[in-house]
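In: Test case, fold it:
(chains A and B)
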Amino acid sequence: MPGLEDLYREIILDHYRSPRNRGELPVPPATKSEGFNPLCGDEVILFLDVDPTSNVVRDLKIEGQGCSISQASSSMMSAAVKGKPVAEARALIRAFKALMSIHESKLDGEVDPSDGSDLSADLDGVRLGDLEALQGVVKFPVRIKCATLAWNTLQQGLDEFAGEPAVN
Amino acid sequence: MTRALDVERIKADFPILQHKVNGKQLVYLDSASSSQKPNAVLDAMDNCYRNYFANVHRGVYAIAEESTAAFEAARAKVARFVNANATREIVFVRNATEAINLVAYSWARANLGAGDVIVLTQMEHHANVVPWHILAAERGVELRWIPLTRDFRLDLTDLDRLLDGAKLLAVSSMSNVLGTINDIRPLADAAHAAGAHVLVDACQSVPHLPCDVQAWNADFIAFSSHKMLGPTGIGALWARAELLEAMPPFLGGGEMIRDVRLDGFTPNELPWKFEAGTPPIVEAIGFGAAVDYLDALGIEAVRAHERALAGYALTALDERFGDNLTIYGPRDVDTRGGAISFLFEGIHAHDISQVVDEEAVCVRAGHHCAKPLMRVLGVPATTRASFYVYNDEADADALVDALAKAEKFFAV
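Out: Numbers count the residues shown, from 1 in each chain, chains lettered A, B, ... in the order given. Coordinates of the predicted model:
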């Protein structure tokens, strides 16, 4: 039986209590993407500003509300992605989903309750750093959607910037 | 405090309450979502499957007659429990949601068209919202909403104006979020005076309060077995016989017909006209056993117990947490049930629910399938503790202690 300390690691509570990159950005040049978790009412509103010449995430801000996991994950995502090239941000999305035992080869949204044994293959050399603190969420399957909400919203935002239809 | 119910004895009737979770005694406070089941229900269902199971209304052999008799006896018990005028006014459905959809697809589609008005309230469960949204989009029906007062009751100031020209008033008899009990009779009288029919989503009140459909003077009443100690997969629609007679069938198939020809069919009599296909036979028998169990406790005693327990819990929450905790629902226990929704300042309902689960306390967190109400309240989610016959003050104390732990855990 996993304990609370697996879920609520200190760094997660820190991001929840003091969220990074809160606020809004002017649209345009930024894009605005909204993510909802209909189960619990979590909401992430992402303002994303990508430099079109360098393809770097120049700035991003987060609004919205929700549980500690969804909001901490949003904050940690924003810190991890800010200043990174888009390709690196996309690699982080894939790696984070792999951390949540969601693999690209599986049907969208399908959760594999495995022990993450093929994690290293999906991580593909990406360093998750602080984000690894969220791995404990996997032991609480109903909370995985809370943790992935910000990352799905980031994916929407990047797709929108690239002119692709947002895939949810 | 005087006890209307012998809770210690009742707890012993529920096998799941003997279980431990995380090495701790289970404290089940989510009965507004679904209740636990006593041995009497489990045994009645098991006994049917083991000893006399057969399809109903078909075979002429002994066990088929026995299962048919038990199935129809369950209907009679349910009819008596809500004081229906006749047993044939009880239609077995999957749950209250299906009962409301039956009315929306059969009665409403035969009687409502573009420009007609349905009046709802802002405290309705999605089950009594979405079927009407679907109808509104399909037929151009207008939906009007009875607002709430600041103390979480229906604001009836403009009721006459809202009901003007309405064909249906669809209202909950007790809010699954706020616990508010709505007084149905005056609402039904006002609706009828305006020429509207009345549908009551009674799935939160029938398990907890005396229900007299004749005294309510409603036209349709929907409720579910699983919230009243019975199994999932069965519920009931009560409607006045003359309305059911006039309504077109809902689902077509076996059982619901008297005759089928190459060029058409003749529907069966009530209530089977609305029961296409093999029904949930064993579930109905379990539903009947649940009604017997509640009858033996006495629904008046159930109400008295929950009234006292809600008062105890509200006071305990106030005393321990003061202004850090906001309760969304009336404080007057005479007009509220045992569902108590609340929010801690700065702590999300999901996080609260997760931490109290460590103490084996089961509460619901989320929007409770009442997102329009959540928007009116201006909150994304609440935590809800709901009490039933097998809960006592010790369970309320366990809730308060577990919440104190959660508050400390998330303290800034």
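In: and chain A, which residues reach chain B?
Out: Taking Cβ under 8 Å from any Cβ of the partner chain, the part of chain A that reaches chain B is made up of A:1, A:3-4, A:7-8, A:13, A:17, A:39-43, A:65-69, A:71, A:140, A:143, A:146. Where you see a C-beta, it was placed from the backbone N, CA and C, and this is true even at glycine.
In: Got a quick PyMOL command for the buried subset of the residues you listed?
Out: To isolate the buried members of the residues of chain A next to chain B in PyMOL, using 16 or more other Cβ atoms under 10 Å in any protein chain shown:
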select buried, chain A and resi 4+7+8+13+40+41+42+43+66+67+68+69+71+140+143+146
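In: Narrow the residues of chain A next to chain B to those in strands?
Out: Applying DSSP state E to the residues of chain A next to chain B, the entries found in strands are A:42-43, A:65.
In: ok, so of those, who is nearest B:Phe81?
Out: When those are compared for distance to B:Phe81 (Cβ to Cβ), A:Asp42 comes out closest, at 40.0 Å.
In: The closest one reaches A:Cys146, doesn't it?
Out: Yes: using Cβ atoms under 8 Å, A:Asp42 makes contact with A:Cys146 at a distance of 5.9 Å.
In: Up against chain A, what does the stretch 301-412 of chain B have?
Out: If contacts are counted using Cβ under 8 Å from any Cβ, the residues of the stretch 301-412 of chain B sitting beside chain A are B:348-351, B:354-355, B:358, B:365-367, B:371, B:374, B:380-381, B:409-410, B:412.
In: I meant to write chain B there.
Out: Within chain B, the positions adjacent to chain A are B:22, B:348-351, B:354-355, B:358, B:365-367, B:371, B:374, B:380-381, B:409-410, B:412 by Cβ under 8 Å from any Cβ.
In: one more time with 6 Å, if that's ok
Out: B:348, B:350-351, B:358, B:366-367, B:380-381, B:412 (Cβ under 6 Å from any Cβ of the partner chain).
In: so what's the nearest residue to B:Ile146 once chain neighbours are set aside up against?
Out: Beyond its immediate neighbours in the sequence, the residue positioned closest to B:Ile146 (Cβ to Cβ, 6 or more residues apart in numbering or on different chains) is B:Thr121, lying 4.2 Å away. Counting by Cβ atoms under 6 Å, 6 or more residues apart in numbering or on different chains, B:Thr121 touches B:146, B:154, B:171.
In: my guess is the first one contacts B:Leu156, does it?
Out: No: between B:Ile146 and B:Leu156 no contact is recorded; they are 7.1 Å apart, counting by Cβ atoms under 6 Å.
In: When these two are compared, which one has more neighbours?
Out: Neighbours were counted for B:Ile146 and for B:Leu156 using other Cβ atoms under 10 Å in any protein chain shown; B:Ile146 has more, 22 against 16.
In: From B:Ser173, how far out is that one?
Out: 14 Å (Cβ to Cβ, to the nearest Å).
In: follow-up on the earlier one: in JSON lines, list the ones in strands among the residues of chain A next to chain B along with pLDDT.
Out: Formatted as JSON lines, the entries for these read as follows, by pLDDT from 0 to 100:
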{"residue": "A:Asp42", "pLDDT": "85"}
{"residue": "A:Glu43", "pLDDT": "89"}
{"residue": "A:Gln65", "pLDDT": "87"}
